[in-house]
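A.B. asks: this one's structure only:
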């Protein structure tokens, strides 16, 4: 299989350049340089662990009225950790820190949590959660009219 990249460059997986190598404009043919990632459904509250790095967590299977809270631990995680949290079930999903005022997100360097909690604006919401070795940060990957609730 040959993939056409920006600038006319081609990548043939397994021959020459590997898919996790960026071309001259920073394009890679797969998410974060990975060919696939593990998807896990969480139906109750959950605290992230180092083994979760690189996974996509969803709330698929969460029962009616079951809000999910994903907690970011204060210790035990190495820099470079990242996870995607994707809302599939029409229920509130919150990403929160174990320690107050330690989350970096949109226009807030001292947040406590972020959530997709607005009625009619939950499904399809996604958070990119990452730890740089010093602090947790969350980027909301959302549709134009989806509201992200930031608690500080």
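C.D. replies: On my side now, so go ahead. Computed from a predicted model, the values in this text were never measured in an experiment.
A.B. asks: Only C-alpha atoms from now on, for both contacts and neighbour counts.
C.D. replies: Fine.
A.B. asks: domains for the chain, by residue range?
C.D. replies: Structural domains of the chain, as assigned by automatic domain parsing, span the residue ranges 1-33, 37-151.
A.B. asks: if you compare those domains, which one is most tucked away?
C.D. replies: Taking mean count of other Cα atoms under 10 Å as the contact definition, the stretch among these with the greatest mean neighbour count is domain 37-151, which reaches a mean of 17.
A.B. asks: State the mean pLDDT of it.
C.D. replies: Taken as a whole, domain 37-151 carries a mean pLDDT of 95.
A.B. asks: where do the strands sit along this structure?
C.D. replies: If DSSP state E is used as the criterion, the strands of the chain fall at 3-4, 10-11, 39-41, 46-47, 56-58, 68-72, 81-86, 93-97, 103-105, 108-111, 113-116, 126-131, 136-141, 149-151.
A.B. asks: you'd agree residue 41 is up against residue 61?
C.D. replies: Yes - judged on Cα atoms under 8 Å, residue 41 makes contact with residue 61 at a distance of 7.1 Å.
A.B. asks: Need the distance between the two termini of stretch 112-122.
C.D. replies: For stretch 112-122, the separation between the terminal residues is 19 Å (Cα to Cα, to the nearest Å).
A.B. asks: what do you get for stretch 137-145?
C.D. replies: Terminal residues of stretch 137-145 lie 22 Å apart, using Cα to Cα.
A.B. asks: same deal with stretch 36-55?
C.D. replies: Between the opening and closing residues of stretch 36-55 lies a distance of 9 Å (Cα to Cα).
A.B. asks: and it, how far from the chain's centre?
C.D. replies: The chain centroid and the centroid of stretch 36-55 are separated by 10 Å, computed with Cα atoms, centre = their mean, to the nearest Å.
A.B. asks: which residues touch it?
C.D. replies: Where contact means Cα atoms under 8 Å, 6 or more residues apart in numbering, the residues beyond stretch 36-55 that reach it are 56-63, 66-73, 76-78, 81-84.
A.B. asks: same check, this time on stretch 101-108
C.D. replies: Residues lying outside stretch 101-108 but in contact with it, judged by Cα under 8 Å, 6+ apart, are 96-97, 109-113, 135-139, 152.
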